[in-house]
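Enquirer: dropping a prediction and its sequence here:
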Amino acid sequence: MKQGESWEHAPTIKGFNKLVEAAERTDKVYENKFLLYLAGELGFRSGEIAHIKLSWFNFDEGVIYIPPHEPCNCAYCSYCAKKRTKNPNLTPQEVRNIYWQPKTDAGRRVVPYKLKDDVPEVLERVIKKYGRYPRVVKTSEYNIHRLVKLAGGIQSAFGKNIYLHGLRAYAVTQYAYADFSLWDICNVMGWKDIKTASKYLARLGVNAKKMNKKKDDNKTDFLFNEPSRLLTLNKTQKQETCKELSFEENVWLNRFIKD
Ligand SMILES: [Zn+2]
């Protein structure tokens, strides 16, 4: 289903707002917004959305704690556990001993969720009502598909379809706009190194800029028309951030970096 890199399938800011508006026109407003916000505002992976629990929330601190292990033997966990152990005959208990777990070790993390007005209300309301995300993994992707259709068939800045994992890429840009440093973005996204974060950001920005040059008449549809954020990095962090990037990406990224 997914083609290419997830950042190619990220909605624009305008597109994401249309998805939220579309969710408001459905009969499951809060459930759909819960999905959109977890993926698109906070950067949750589909497996994390499917296994989120009331116990992961700390309402006072405004954070969601993603644990290293949550006993589960749903169809998804059973599939992953058997694939990982290369043992097709695991018992349900054996599956529970291994799964659910985040995709990587860095996936266990703490994610603040009180960054935007509507997000805490939606997340707390749904998790208090159901204690979990009230649907299964497969239907999350389907629900995004339905919302995209309802939003008028919106596409990414690169003319690609919007997928659930593309919303995670969108979340990266939202953290950047909220002035998270690349290090903090790595932490909240569950990446083990800064390269992934900088590549996501650089590619989203550089490619959107190229597209803007081609399509001058439709500038507002792209993610980064003008830089509107600054990263505060020290000299070493800056070198670390930029060392794997091409010259063009480097130039772009440096526009965001405050010396
Ligand atoms: Zn499971």
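Expert: Sure thing, it's come through.

Enquirer: how distant is the helix or strand Q174 falls within from the center of its chain?
Expert: Secondary structure from DSSP states H and E places Q174 in helix 164-177. Centroid displacement of helix 164-177 relative to its chain, using C-alpha atoms, centre = their mean, to the nearest Å, is 5 Å.

Enquirer: cool, stretch 45-59 as well?
Expert: So, by C-alpha atoms, centre = their mean, the centroid of stretch 45-59 is 14 Å from its chain's centroid.

Enquirer: near the ion at all, it?
Expert: No. If you take C-beta under 5 Å from the ion as the test, stretch 45-59 misses the ion, and the best it gets is 5.6 Å. C-betas here are computed from N, CA, C, even on glycine.

Enquirer: buried sites along that stretch?
Expert: Buried positions in stretch 45-59, judged by neighbour count with 16 or more other C-beta atoms under 10 Å: R45, S46, G47, E48, I49, A50, H51, I52, W56, F57.

Enquirer: could you work out the most separated pair of the residues you listed?
Expert: S46 and F57 (19.0 Å; C-beta to C-beta).

Enquirer: all strands of the stretch 51-200 of the chain, in order?
Expert: With strands called from DSSP state E, counting those that start in this stretch, the stretch 51-200 of the chain shows them at 57-58, 63-66, 109-112.

Enquirer: show me the shaky parts of this protein.
Expert: Low-confidence segments of the chain, defined by pLDDT under 70, are located at 1-4, 136-137, 179, 181-182, 193-259.

Enquirer: against which helices or strands is the helix holding Q174 packed?
Expert: helix 13-24, helix 137-150, helix 182-189, helix 194-214 (3 or more C-beta pairs under 8 Å, 6 or more residues apart in numbering; DSSP states H and E).

Enquirer: which helices and strands does the first one pack with?
Expert: Meaning helix 13-24. helix 29-36, helix 137-150, helix 164-177.
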